[in-house]
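Novice: Prediction below, plus the sequence it came from.
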Amino acid sequence: MNVCNFYILLWCIFNATFPLGNMISRPVFVIIFAITVYYVIYAYMHCKLPKYFHGLTLLLLMFTIYGVVAIANNDIHYIRANGKYVPNEIYIITAYKSLLPIFPFYVMTLKKQLTVRLINRWILIFLAVTVLTFYLNYDLMLHASSTGRTEFTNNQGNVFLSLLPLIPFIDGNKKKYMLILIIVFFILFSMKRGAIITAMVVVFWYLLNMVKTENKGRKYIVITGAAFVISIGLFFADYLYGHSEYFQTRFESTLEGNSSGRDIIFAEMIDYYLYDASQTQQVIGSGANATLDIAINYAHNDWLEILINNGILGIILFVFYWVRFYIQWKGLNHHSILYSAFGMLFLAYFFRTFYSMSYGDMTSYATMCLGYCLAKCTEQKALNNNKTKNNYAIK
């Protein structure tokens, strides 16, 4: 067992216990965080980090400064939608838990501890853990319901979405198609409209990219497989629509423009920024968790969340982060597995910035995929540099 297996195992335990409030998750997270910090320091000291990390570093620095200020000020924040108190340290912990694990997976890949073979071994376990948590969440909501409802919106839909970028690493197209269908099935049953729409975009882009990059001899086979996946996915959706009143309601409310109160929250945030925020607050923001002082919940839109909390300065850094992400992706060979995985990560999390919280909700599955891809970018760049030097030496 190498350290990567141990680190992944800890994340699996945490992912299975944290959503349920299990006390086991706390000591497990302490160990995870200690390992993560070690690798963050190691990466900055010993690795020549690719361009993506330039944007990530500035973003993390911003979250750290605002998080420390929030803890020092000891402000009190509540989510008025459910009356829950939000400790000030949650702001910085959320950012760290989401983004810092990219560093350990990056270093572990460079050290040959994280490989495609390892990803293939773990992906079924990731799927099993996510399915288990899906049903445990459902049971909790069922027992907490006082209305007799049996259908709910399950937040695990976003976790299933984060598994999709691992699909390109799977051996064999049949296995890929099967895993896509299983993941899409659970995303549909989660009733998370944002996750469903994003999954449709990500899967369609991936299947289209498979068809475009496949050699002529196998292109028609891949087209047939892609058509089969799309057909079965549409069958799942049609079945749900015909047998689930709750799914019908969610679908029809989406067509009517119902955004679960997001439109009201968005309007309150924009009005505050334009008419109530001071010039200083417009530039550097109103501080961590300031959105909770304006509306009944978080913005559920990364751009508005950062605009209120961190001002125009935060938006500039966030744009810089996504530009670096995009440049890193587009610098890859379009025929490579890395290009597909990187593209699915970019599309999934960029789309989420508009309806959910992407930077604060990257799962360990997504950070593992991203860390692996970034390390391979580093290796490829080093290989190209060596070839260039050799060519000059020959000349």
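Specialist: Alright, I've got the coordinates. Residues are numbered from 1 along each chain as shown.
Novice: ok now do Ala288, which residues does it touch?
Specialist: Each residue near Ala288 by Cβ atoms under 8 Å, 6 or more residues apart in numbering is listed here: Tyr66, Gly67, Val69, Ala70, Asn88, Tyr91, Ile92, Asn309. Every residue, glycine included, has its C-beta placed from N, CA and C.
Novice: again, only this time at 6 Å
Specialist: Contacts for Ala288 (Cβ atoms under 6 Å, 6 or more residues apart in numbering) come out as Tyr66, Gly67, Ala70, Tyr91, Asn309.
Novice: Derive a PyMOL selection command for the buried subset of these.
Specialist: In PyMOL, a selection of the buried entries from the contacts of Ala288 looks like this (16 or more other Cβ atoms under 10 Å):
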select buried, resi 66+67+70+91+309
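Novice: The contacts of Ala288: which two are farthest apart?
Specialist: Using Cβ to Cβ, the contacts of Ala288 span at most 10.3 Å, a distance reached by Gly67 and Asn309.
Novice: Go through the contacts of Ala288 and say which is closest to Ile315.
Specialist: Minimum distance to Ile315 across these is 10.5 Å, recorded for Asn309 (Cβ to Cβ).
Novice: State the next helix or strand along the chain beyond the host helix or strand of the closest one.
Specialist: For Asn309, the host element (DSSP states H and E) is helix 302-330. Later in the chain than helix 302-330, the nearest helix or strand by DSSP H and E is helix 337-352.
Novice: how deep is Asn310 tucked in, by neighbour count?
Specialist: Residues near Asn310, counting by other Cβ atoms under 10 Å, number 25.
Novice: tally of neighbours for the residue nearest to it when sequence neighbours are not counted?
Specialist: In space, and not counting its chain neighbours, Asn310 is closest to Gly285: 4.0 Å by Cβ to Cβ, 6 or more residues apart in numbering. Gly285 is flanked by 23 other residues according to other Cβ under 10 Å.
Novice: do you know how far Gly285 is from Leu110?
Specialist: Gly285 sits at a distance of 36 Å from Leu110 (criterion: Cβ to Cβ, to the nearest Å).
Novice: Kindly report the same for Tyr355.
Specialist: Noted for Tyr355: a distance of 35 Å to Leu110, by Cβ to Cβ.
Novice: How about Ala95?
Specialist: For Ala95, the distance to Leu110 - Cβ to Cβ - is 24 Å.
Novice: Tell me, please, where in the stretch 51-200 of the chain the pLDDT is lower than the cut-off.
Specialist: Within the stretch 51-200 of the chain, the segments meeting pLDDT under 70 span 146-148.
Novice: mind listing the helices for it?
Specialist: For the stretch 51-200 of the chain, the helices defined by DSSP state H, counting those that start in this stretch occupy 52-73, 89-99, 102-110, 116-144, 156-163, 173-190, 193-213.
Novice: list the helices and strands the second one packs on?
Specialist: Using 3 or more Cβ pairs under 6 Å, 6 or more residues apart in numbering; DSSP states H and E as the contact definition, the elements that helix 89-99 packs against are helix 52-73.
Novice: Please export the C-alpha coordinates of the helix it packs on as CSV.
Specialist: In CSV, the C-alpha atoms belonging to helix 52-73 read as follows (Å, rounded to 0.1, in the frame of the first residue of the first chain):
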residue,chain,number,x,y,z
TYR,A,52,-3.1,26.4,-13.6
PHE,A,53,-1.5,26.7,-10.2
HIS,A,54,-0.8,30.4,-10.8
GLY,A,55,-4.5,31.1,-10.7
LEU,A,56,-5.2,28.6,-8.0
THR,A,57,-2.5,30.1,-5.7
LEU,A,58,-3.9,33.7,-6.0
LEU,A,59,-7.5,32.3,-5.3
LEU,A,60,-6.3,30.4,-2.2
LEU,A,61,-4.4,33.5,-1.0
MET,A,62,-7.6,35.6,-1.2
PHE,A,63,-9.7,33.0,0.6
THR,A,64,-7.0,32.7,3.3
ILE,A,65,-6.8,36.5,3.9
TYR,A,66,-10.6,37.0,4.0
GLY,A,67,-11.0,33.8,6.2
VAL,A,68,-8.4,34.9,8.7
VAL,A,69,-10.0,38.4,8.9
ALA,A,70,-13.5,36.8,9.5
ILE,A,71,-12.2,34.6,12.3
ALA,A,72,-10.5,37.6,13.9
ASN,A,73,-13.6,39.8,13.7
